[in-house]
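Trainee: How does the following fold in three dimensions:
(one chain, ligands or ions: 1)
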Amino acid sequence: MKTRKVIIDTDPGIDDAAAIAVMLSEPSLDVKLIASVSGNVGIEHTTNNALKLLAFLKKDVPVAKGAAAPLLRDNRFATNAHGKSGMGGFDFPEPKNELLLEENAVLSEYRTLMDCKEKVSILTLGPLTNIALLILTFPEVKGKIEEIIMMGGSTERGNIGIYGEFNVTIDPEAAKIVFRSGIPITMVGLDIGRKARLTVGDLEELEKGGETGMMISSLFRSYDGGHIEEGVKMYDPSAAMYLMEPELFETKKAFVDVETASPITMGATVVDFDETLNGTKNVSVCVDVDVERFRRRYVQRVAEAERK
Ligand SMILES: [Ca+2]
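Mentor: This next block holds a predicted model:
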């Protein structure tokens, strides 16, 4: 079977866990590395959460610890949505510490990219600090990256500012470096995750499917203070699903850049579909998702994960 090589750069995080769980059971994917980054919670927690999740899923993927803070700015955590440790709401087994590499995320990503014969796709589920450092430190990796699929940004409004989405706004300079890198990028933004919602009925389906479904449902039931009546917004899982089933999504090319100066629109992704700013179209932007099929496929994938 053809395997597509993938690096996941992530700040687990409840929805990160829900994304990673379905990716590690997808037979066409070969996840070579999970790199942690500071974001939803601090770097010790995000790294530990990745190791706990792998212990729970019984999967052996190397984990590399990444950046402890954004390039220029102070950390701002999302403990209101994800809890103090980032993955509260479920009792995970002890972290699988033997999977933690000695080298940091930037070096580990570099080595993984250079050691693979084929190009590698990178899925980013957190701030882009590691990826910015990677492409500045080792520009030769650009030719080894198939594409970057990013949960980040928004074509509409934000969740940490009026227009600022969390992952981009936490480290806007890093995001700007990545958007300007010339590497093919697909942006799965906040507006897609807000549309692709699981219902309470879907969570009940997940619970019937087995332990992985129970874990994901428990996390989501504690997510964002537990407000699930309007559905669970699937931010990181949308980016993961795009990687595995792009046909569920509609994309449109645009010039995308990041606001890094204005205090009132800090971190806003400026998504120019119409060449107003005369920028080169550098990003394939997700503009729609087939919500019914997305929900069905996600729930199916979690049930399948149980058997792998
Ligand atoms: Ca995340």
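Trainee: just checking, what packs against the helix-or-strand element of the chain with minimal mean pLDDT?
Mentor: Lowest mean confidence among the helices and strands of the chain (mean pLDDT, DSSP states H and E): helix 79-82, at a mean of 84. In terms of contacts (3 or more CB pairs under 8 Å, 6 or more residues apart in numbering; DSSP states H and E), helix 79-82 is packed against no helix or strand at all. For the C-beta atoms, the positions are set from N, CA and C on the backbone; glycine is no exception.
Trainee: Can you show me the CA trace of the helix or strand following that helix as PDB?
Mentor: Tracing the chain past helix 79-82, the next element assigned as helix or strand by DSSP states H and E is helix 105-115. The C-alpha trace of helix 105-115 is given here as PDB (Å, rounded to 0.1, in the frame of the first residue of the first chain):
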ATOM      1  CA  ALA A 105      11.700  19.400  17.300                       C
ATOM      2  CA  VAL A 106      13.600  21.500  14.700                       C
ATOM      3  CA  LEU A 107      16.500  19.100  14.400                       C
ATOM      4  CA  SER A 108      14.200  16.100  14.500                       C
ATOM      5  CA  GLU A 109      12.000  17.600  11.700                       C
ATOM      6  CA  TYR A 110      15.100  18.400   9.700                       C
ATOM      7  CA  ARG A 111      16.500  14.900  10.100                       C
ATOM      8  CA  THR A 112      13.100  13.300   9.300                       C
ATOM      9  CA  LEU A 113      12.700  15.300   6.100                       C
ATOM     10  CA  MET A 114      16.300  14.700   4.900                       C
ATOM     11  CA  ASP A 115      16.200  11.000   5.700                       C
END
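Trainee: Run through who's touching helix 105-115.
Mentor: For helix 105-115, the surrounding residues in contact (CB atoms under 8 Å, 6 or more residues apart in numbering) are 7, 9, 32-33, 35-37, 62, 64-67, 101, 103, 120, 122, 130-131, 133-134, 137-138, 140-141, 144-145.
Trainee: who touches stretch 63-72?
Mentor: 9, 33-38, 42-43, 47, 50-51, 54, 75, 99-101, 103-109, 127, 129-130, 132-133, 170-171, 173-174.
Trainee: ok, back up a step: tell me which entries of the contacts of helix 105-115 lie within strands.
Mentor: 7, 9, 32-33, 35-36, 64, 120, 122, 145 (DSSP state E).
Trainee: The chain against the ion: which residues are in contact?
Mentor: 11, 13, 16, 125-126, 236 (CB under 5 Å from the ion).
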